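A.B. asks: Sequence below, structure please.
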Amino acid sequence: MSKSEADIQYDLLKLGVEISKLKDRATSIVHTYTPRTDLGDDKENLQLLSDKIETLDLFSLKGDGSSVASVDSSSRMLRTTFLDLVVVGGALYSTDRDRLIYPFDVSGRYIGVASYLEFLRILQKALNTVGIATANVVGYEFAVDEVEVETKEGIRRESLYHLDDVADELRLEAENNLIRQATKEKLLILDGPLFPTPIELSSSFQFGLPKDRDVLKHWGRITHRWAYATLIKERLDMIKSRDVIGVVKRLENSRKLRQISGIGKFIGINRVPDLTDAELLELISEKQCNSTIGLCLIGPIRIVSEIDVKRDDIDQVIINAEDIPERYAYYAILKIPGGIQTFFRIEGLNLSVLNNSLQEVFSGITKEMLPTYISFVDNYSKKVTKGLFYLSFNVLKDFITFLHDTKLEALNISQEINSGLV
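C.D. replies: Model prediction:
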């Protein structure tokens, strides 16, 4: 079921009315924010299948005429006095049909509300809107209450949920909803990995459990692990039988390359330093691809991920190692005339599909040095999210006070609109 701007305004008005009713109940404000932790690369086994670097001429790359769909999502946060919001937009581009925009053409949850547990439970009862999320997909609220949690090191205080986790989950939900629509195209290209593997999914990452979880009826941040694993299992069920490629363009926090035996050969050393993928690719480029205009490909690399997630509240396994297919990847160094370069990791579930799709993926390059398929959905999903942010701000400002940075961001968007930049 598609949504119009009027539908979204109505959802926001309903949310605003219910939020305004909660103001009298707010006596203290505690906002928490924790940056993302690095990826759980230690739970992945990587094997270099070729010790040669292949080069492809940028000007000879062309697709084979097959139908292609690409998918991406984007999120923004709005902060208020006693709750925070995440808005999510997404886009599907197809060579065979009109684009699809989330949540307008494809329905799903596009607003996440993080607040105090008591407030969220009131909102859950008051709102009957599919698009507004107050809890994760396994039913636990996006609650920011700080509580005492039990850890191996003892008792500490932390919030039940993190706003970054809400954004990660809703983006994954949005992409899954869009992928469901991409049934006609032969090749599916995802902006990002085929499936995320954050450290939170690793058993080595220890979550504290709320001391009073039975009273709270909430198990804290470990429920993010359960929700994320549920969404990843959903993703895998959809793509396992597809010709699918993932294009990872942010490698500054990834440290997969340094784990690979033999990677030091490309930079002339035996012991690889503890550098990010982007830093190592910079060194490899200088040693191996200095005169190349086009693509330098390191790989293929075989990746086996170890993910085992079990719900402790109902003693149920969500996903285990047998559910996770091995995947293959190339690290790509893209260089254009003028000495400008950028890096990617290109992933596939099937090595033959990956090899046959490289030319299609890079058959068009934009001025941002992105594959055209990726650039379109990346830019459009960001535009959709920017619009949802501005619409949410304008509807909800009459019901609740937004914090300074959110107001500044709304003002900047307003100036872009007035100047014709949006």
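
A.B. asks: Strands of the stretch 101-250 of the chain, start to end?
C.D. replies: Secondary structure of the stretch 101-250 of the chain by DSSP state E, counting those that start in this stretch: the strands cover 111-114, 132-133, 146-151, 154-159, 187-191, 209-210, 243-248.

A.B. asks: helices or strands next to the last one in the packing?
C.D. replies: Here strand 243-248 is seen to pack against strand 187-191, strand 340-348, helix 351-361 when contacts are counted using 3 or more C-beta pairs under 8 Å, 6 or more residues apart in numbering; DSSP states H and E. Yep, even glycine has a C-beta here, placed from its N, CA and C like the rest.

A.B. asks: Which of the ones you listed sits closest to residue 124?
C.D. replies: Residue 124 lies closest, by C-beta to C-beta, to one member of the helices and strands packed on strand 243-248: strand 187-191, at 31.7 Å.

A.B. asks: Would you reformat the helices and strands packed on strand 243-248 as a markdown table and include distance to residue 98 and mean pLDDT?
C.D. replies: Formatted as a markdown table, those follow (distance: least, C-beta to C-beta, whole Å; pLDDT from 0 to 100):
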| stretch | distance to residue 98 | mean pLDDT |
| --- | --- | --- |
| strand 187-191 | 17 | 97 |
| strand 340-348 | 27 | 94 |
| helix 351-361 | 21 | 94 |
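
A.B. asks: Now mean neighbour count and distance to residue 257 too, for the ones you listed, in JSON lines please.
C.D. replies: Formatted as JSON lines, the entries for the helices and strands packed on strand 243-248 read as follows, by neighbours: other C-beta atoms under 10 Å; distance: least, C-beta to C-beta, whole Å:
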{"stretch": "strand 187-191", "mean neighbour count": "25", "distance to residue 257": "21"}
{"stretch": "strand 340-348", "mean neighbour count": "21", "distance to residue 257": "9"}
{"stretch": "helix 351-361", "mean neighbour count": "18", "distance to residue 257": "18"}
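
A.B. asks: Now tabulate the ones you listed in TSV and tack on distance to residue 372.
C.D. replies: Putting those into TSV (distance: least, C-beta to C-beta, whole Å) gives the following:
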stretch	distance to residue 372
strand 187-191	10
strand 340-348	14
helix 351-361	9
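
A.B. asks: just checking, residue 344 touches residue 299?
C.D. replies: No: between residue 344 and residue 299 no contact is recorded; they are 11.4 Å apart, counting by C-beta atoms under 8 Å.

A.B. asks: returning to what we had before: I'd like the strands of the stretch 101-250 of the chain as a markdown table, with distance to residue 68 appended.
C.D. replies: Shown next, in a markdown table, are the strands of the stretch 101-250 of the chain (distance: least, C-beta to C-beta, whole Å):
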| stretch | distance to residue 68 |
| --- | --- |
| strand 111-114 | 30 |
| strand 132-133 | 31 |
| strand 146-151 | 46 |
| strand 154-159 | 42 |
| strand 187-191 | 5 |
| strand 209-210 | 45 |
| strand 243-248 | 9 |
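
A.B. asks: Please identify which of those strands is closest to residue 70.
C.D. replies: Residue 70 sits nearest to strand 187-191 of all these, at 4.2 Å, using C-beta to C-beta.

A.B. asks: What pairs with the closest one, parallel or antiparallel?
C.D. replies: strand 68-79 (parallel), strand 243-248 (parallel) (DSSP bridges).

A.B. asks: of all those, which lies closest to residue 384?
C.D. replies: Per C-beta to C-beta, nearest to residue 384 of the strands paired with strand 187-191: strand 68-79, 7.2 Å.

A.B. asks: report the angle between the axes of that closest one and helix 351-361?
C.D. replies: 80 degrees (axes from the mean of the first three to the mean of the last three C-alpha atoms, to 10 degrees).

A.B. asks: Mind checking what helix or strand follows strand 68-79 in sequence?
C.D. replies: Of the helices and strands lying after strand 68-79 in sequence (DSSP states H and E), the nearest is strand 84-94.

A.B. asks: now that next one: how far from the chain's centre is it?
C.D. replies: 11 Å (C-alpha atoms, centre = their mean, to the nearest Å).

A.B. asks: my guess is residue 95 meets residue 184, correct?
C.D. replies: No: Residue 95 is beyond contact range of residue 184, at 10.2 Å (criterion: C-beta under 8 Å).

A.B. asks: anything in contact with each of these two?
C.D. replies: Residues touching both residue 95 and residue 184 by C-beta atoms under 8 Å, 6 or more residues apart in numbering: 67, 69.

A.B. asks: All the helices of this protein, residue numbers only.
C.D. replies: Here the chain has its helices, by DSSP state H, at 5-22, 117-126, 163-179, 213-216, 222-239, 277-288, 351-361, 372-396, 404-419.

A.B. asks: packing partners for the third one?
C.D. replies: Right, helix 163-179. On a contact count with 3+ C-beta pairs under 8 Å, 6+ apart, helix 163-179 meets strand 68-79, strand 84-94, strand 100-102, strand 111-114, strand 187-191, helix 222-239.

A.B. asks: The helix or strand bottoming out on mean pLDDT in the chain to strand 84-94, inter-axis angle?
C.D. replies: Every helix and strand in the chain was compared by mean pLDDT, DSSP states H and E; the lowest is helix 5-22, with a mean of 82. Helix 5-22 runs at 160 degrees relative to strand 84-94, counting by the same axes, to 10 degrees.

A.B. asks: Can I get helix 5-22 as CSV, trimmed to CA atoms?
C.D. replies: This file holds the C-alpha atoms of helix 5-22, laid out as CSV (Å, rounded to 0.1, in the frame of the first residue of the first chain):
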residue,chain,number,x,y,z
GLU,A,5,2.4,13.2,1.6
ALA,A,6,-1.0,13.8,3.2
ASP,A,7,-0.9,10.3,4.7
ILE,A,8,2.5,11.0,6.3
GLN,A,9,1.3,14.4,7.5
TYR,A,10,-1.6,12.7,9.2
ASP,A,11,0.7,10.1,10.8
LEU,A,12,2.8,12.9,12.1
LEU,A,13,-0.2,14.9,13.4
LYS,A,14,-1.4,11.9,15.3
LEU,A,15,2.1,11.4,16.8
GLY,A,16,2.3,15.1,17.7
VAL,A,17,-1.1,15.0,19.5
GLU,A,18,0.0,12.0,21.6
ILE,A,19,3.4,13.5,22.3
SER,A,20,1.8,16.7,23.6
LYS,A,21,-0.2,14.7,26.1
LEU,A,22,3.0,13.3,27.6
